[in-house]
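Trainee: sequence plus the predicted model coming up.
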Amino acid sequence: MVALQKKRTVRLSPLREYREVNRLRSGLERSYTFRLIRLFSEIGNQAADAVESGGVSGARGLYPDILRRMDSTLRQLYEETIKVFSDRAIANRRSAKAVASFEDIFTTFIRTQGAERVTEISVTTQRIIQNTIEANSTAGVDVIARAIRDRFEPRFSRARATTIARTEIHNASSYATHEQQKSFAVPEMQKQWMANTDGRTRGTHAAASGKRVGVDEDFIVGGRKMAYPGDPRGGAAEVINCRCVLLYVEPEEEVEEAPTVVVAANPKRKPKMLGIDEIQIVAKALAIDRMQDRFKQSQSRFVERDPDGLSGITSRFRRRAATDFGKAKAGTLSKDATSITNALLEETDQLAAITGVLPLRGLKGISGGDALADMGDAVIGIKGKRFSALAEKAVKGKDKDVALASTNRRIDELTKEKTDIVIDTDKRLGGLEVAFPKYVKTRDGQSGGLNQEDFDFFVFSRRRHAEIDDELYELRRQRSLTEGVPPDGWKWGDEVSSRPWTSDAYFSDPLDKMRSTIYHEFGHNVHQQYLVTSRATYFTPEVEKWMKSNAKPGTRKSATRYGDKNEREWFAENFSMYFMDREDLVDPLFIRLIESIINKRPFPDV
């Protein structure tokens, strides 16, 4: 008699799945972001050349070519992404089963979604060119051409390229995984939605997180049916920059408890995501002696990697001494501020690993002057009372401002409605009428060739679009008064004198203000310590030598006035903005410099 063997229960880890999926997505995103930046730059230069040689009408002749080139790039993106995630779904199966072919999944995706997305992105690109032409219509062709080149310059197109790459890769990867999982035809298979529940997560996605439905069923997310994260049926408001993933669960599988998943979408470039995007860390209330233990470990690592005795050098920076090493002496930090600071300093260890410098080796309290913090000899100084006040705001801010939360929800609702209007109008009337509305009244008297029903729809959509813009302006004004920051903030092209003093002004959350400050100071540690291998290089670091020659006034740029003070503050302010995920405000020269440091390449030529 053969004994029946009990089927083994398999435990699935949501955290492991989230990390693996986002690791693959991040690699693809980086590759295609740079390709799209390059494509937009080429399109901008080509359009500018066409205006210079053929006037404003010359650029319109390029529109078919823009569609062709966008189609070529995005098809490669879709094909590579679908192949990677289709293969992954097959490799993760524990037994041989029939699967759909990668080619069939790719072909169906292009037919049902991809081709339409290519057209939408191409039309938007055409719209940007045309809007730039119209905004400079009273100027000469040379001014228009220069404006187009500026609009498509890498520093301006980087944000758009990043959003497109992230959104399209997210959709294609989710689609490929879903179609491949369905093809396995596992009886009673279910799928579970998993959101990255941090401060940037949409409320609708957080609400869906953990919910499970049959593999052929839909989730209801924000009132929309969605088969998977990135499903275009959810509309732009539920799709753009989404970071959610699905976990596919077979009957014999159990899912480990994972109520909160907080990991970096790209830990190599965004260490801030590894820390305290949720204030939960505060509840741990880490004590000062724990911080001292951590810094002793940091000190030991420094000494172990310091064969030339650099740890003994204390004369370069004032207010630093050997007695500061390996200790945390900011005694005026509150319990909450201590807890937050400790977690933020763990993030600086991530920054140290990324940039190839030694981790911090001490913390001390400072007083006097306007600075909230300072840096020297890998010891960070913090003004305890001011940092504690920010920590108090960060903790209390989680339980107050109900009115502000309501305002934010209304802003999200209106933004979604506005996006849907644009997409619905574009689908119904075609790109030209949405991109260039003034032509609607010129091509055929009043209707521009549209029938009366479509024309009335167009007029209603434009009116509602304007009403939403008016309400959004007022809501953002109210929010700015509550948060004490400008509703939109300074951006390149605005009046230079209107820039904020320091980078923390770009962030309303007290926690992000604290993080921005810590990142700024660690930026100083990078230019002070990178490539330092001897006593000679300790006093004349290679980064500072490069900046003296290449980051001169008139060459360097900063989104803050403090960044204009000298090349060292230029580096620290740009460093903070770069790792706070505000590359739209980072000097392109700094981006070249920091990426040469991250990738261990020679410093850039200027």
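Mentor: It's in. Just so it is clear, the structure is predicted and the values come from calculations on it, not from any experiment. Numbers count the residues shown, from 1 in each chain.

Trainee: just the helices in the stretch 401-550 of the chain please.
Mentor: Taking DSSP state H, counting those that start in this stretch to define them, one finds helices in the stretch 401-550 of the chain at 402-429, 431-435, 452-483, 510-529, 535-539, 542-550.

Trainee: what do you get for the stretch 51-200 of the chain?
Mentor: For the stretch 51-200 of the chain, applying DSSP H, counting those that start in this stretch gives helices covering 56-60, 63-91, 102-109, 115-135, 141-151, 154-183.

Trainee: the last one packs against which elements?
Mentor: It refers to helix 154-183. Packing contacts for helix 154-183, counted by 3 or more C-beta pairs under 8 Å, 6 or more residues apart in numbering; DSSP states H and E, involve helix 14-54, helix 63-91, helix 102-109, helix 115-135, helix 236-239, strand 245-249, helix 588-598. (Each C-beta comes from the backbone N, C-alpha and C, glycine too.)

Trainee: any idea how far it is from the chain center?
Mentor: Relative to its chain's centre, helix 154-183 lies at 14 Å (C-alpha atoms, centre = their mean, to the nearest Å).

Trainee: now that helix: buried residues?
Mentor: Judged by neighbour count using 16 or more other C-beta atoms under 10 Å, the buried positions of helix 154-183 are 155-158, 160-162, 164-183.

Trainee: helix or strand with the lowest mean pLDDT in the protein?
Mentor: helix 431-435 (a mean of 43; mean pLDDT, DSSP states H and E).

Trainee: turn the helices and strands packed on helix 154-183 into CSV, columns for distance to T407.
Mentor: Below are those laid out as CSV (distance: least, C-beta to C-beta, whole Å):
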stretch, distance to T407
helix 14-54, 31
helix 63-91, 36
helix 102-109, 38
helix 115-135, 28
helix 236-239, 17
strand 245-249, 30
helix 588-598, 34
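
Trainee: where does pLDDT dip in the stretch 151-300 of the chain?
Mentor: Filtered on pLDDT under 70, the stretch 151-300 of the chain yields the residue ranges 155-156, 197-201, 256-300.

Trainee: at 90 what do you get?
Mentor: 151-164, 166-167, 183-188, 194-211, 219-225, 230-245, 247, 249-300 (pLDDT under 90).

Trainee: below-threshold pLDDT in the stretch 351-500 of the chain: ranges please.
Mentor: Within the stretch 351-500 of the chain, the ranges that satisfy pLDDT under 90 run 351-373, 376-381, 383-500.

Trainee: now do the SS call for the closest residue to E595 other than its chain neighbours.
Mentor: Nearest residue to E595, sequence neighbours excluded (C-beta to C-beta, 6 or more residues apart in numbering): R601, at 7.8 Å. Of the three states, R601 takes coil under DSSP: H, G, I helix; E, B strand; the rest coil.

Trainee: distance of R601 from I594?
Mentor: Separation of R601 from I594 (C-beta to C-beta, to the nearest Å): 11 Å.

Trainee: these two - which one has more neighbours?
Mentor: Neighbours were counted for R601 and for I594 using other C-beta atoms under 10 Å; I594 has more, 21 against 10.

Trainee: contact partners for that one?
Mentor: Residues in contact with I594 (C-beta atoms under 8 Å, 6 or more residues apart in numbering) are 355, 574-575, 578.

Trainee: thought L333 was touching I382, still the case?
Mentor: Yes: checked against C-beta atoms under 8 Å, the pair I382 and L333 is within contact range at 7.0 Å.

Trainee: list residues touching both of the two?
Mentor: By C-beta under 8 Å, 6+ apart, I382 and L333 have these common neighbours: 341, 365.

Trainee: what's the neighbour count on A47?
Mentor: A47: 30 surrounding residues under other C-beta under 10 Å.

Trainee: contact partners for it?
Mentor: Listed by C-beta under 8 Å, 6+ apart, the contact set of A47 reads 59, 62, 129, 148, 152.

Trainee: likewise for Q192?
Mentor: Listed by C-beta under 8 Å, 6+ apart, the contact partners of Q192 are 14, 210-212, 246-249, 255.

Trainee: same thing with G230?
Mentor: Contacts for G230 (C-beta under 8 Å, 6+ apart) come out as 167, 170-175, 239, 242.

Trainee: with L390 instead?
Mentor: Here L390 is in contact with 337, 510, 513-514 (criterion: C-beta under 8 Å, 6+ apart).

Trainee: one more: V543?
Mentor: By C-beta under 8 Å, 6+ apart, V543 lies in contact with 526-527, 530-531, 571, 593, 597, 603.

Trainee: go with 10 Å
Mentor: Residues in contact with V543 (C-beta atoms under 10 Å, 6 or more residues apart in numbering) are 355, 357, 526-532, 551, 567-568, 571, 593-594, 596-597, 603.

Trainee: assign R319 to helix, strand or coil.
Mentor: Under three-state DSSP, R319 falls in the coil class.

Trainee: could I get the contacts of A47 as CSV with neighbour count?
Mentor: Putting the contacts of A47 into CSV (neighbours: other C-beta atoms under 10 Å) gives the following:
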residue, neighbour count
A59, 24
L62, 19
I129, 25
I148, 26
F152, 25
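
Trainee: how about those in JSON lines, adding distance to G27?
Mentor: JSON lines is the format used below for the contacts of A47 (distance: C-beta to C-beta, whole Å):
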{"residue": "A59", "distance to G27": "35"}
{"residue": "L62", "distance to G27": "32"}
{"residue": "I129", "distance to G27": "31"}
{"residue": "I148", "distance to G27": "32"}
{"residue": "F152", "distance to G27": "26"}
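
Trainee: pLDDT check: weakest of those?
Mentor: Scanning these for pLDDT, the low point is A59. It has 81.

Trainee: that one contacts N131, correct?
Mentor: No: using C-beta atoms under 10 Å, A59 is not in contact with N131; the gap is 11.5 Å.

Trainee: about what we covered before: can you pick out the most distant pair from the contacts of I594?
Mentor: Farthest pair in the contacts of I594 (C-beta to C-beta) is T355 and N574. Separation: 13.3 Å.

Trainee: tell me, what's touching those two both at once?
Mentor: Shared contacts of T355 and N574, defined by C-beta under 10 Å, 6+ apart, comprise 523, 594.

Trainee: and those two? which has more neighbours close in?
Mentor: Taking other C-beta under 10 Å, T355 and N574 do not tie; N574 has more neighbours (30 against 21).

Trainee: so the more buried one is in which element?
Mentor: N574 is part of helix 567-579, with elements assigned from DSSP states H and E.

Trainee: how far off helix 588-598 does that helix point, in degrees?
Mentor: Inter-element angle recorded for helix 567-579 and helix 588-598: 80 degrees (by axes from the mean of the first three to the mean of the last three C-alpha atoms, to 10 degrees).

Trainee: is I380 in a bridge, and if so with what?
Mentor: Counting by DSSP bridges, I380 is bridged to L363, M375.

Trainee: and for the nearest residue to G523 once chain neighbours are set aside, the neighbour number?
Mentor: Counting by C-beta to C-beta, 6+ apart, G523 lies nearest to F575, which is 3.0 Å off, once chain neighbours are set aside. A count of nearby residues for F575, using other C-beta under 10 Å, gives 27.

Trainee: quick one: F575 from R464, how far?
Mentor: Separation of F575 from R464 (C-beta to C-beta): 43 Å.

Trainee: and if you look at Y32?
Mentor: 34 Å.

Trainee: who has more neighbours, those two?
Mentor: Between Y32 and R464, counted using other C-beta under 10 Å, the more crowded position is Y32 (24 against 13).

Trainee: I am finished for the moment; much appreciated.
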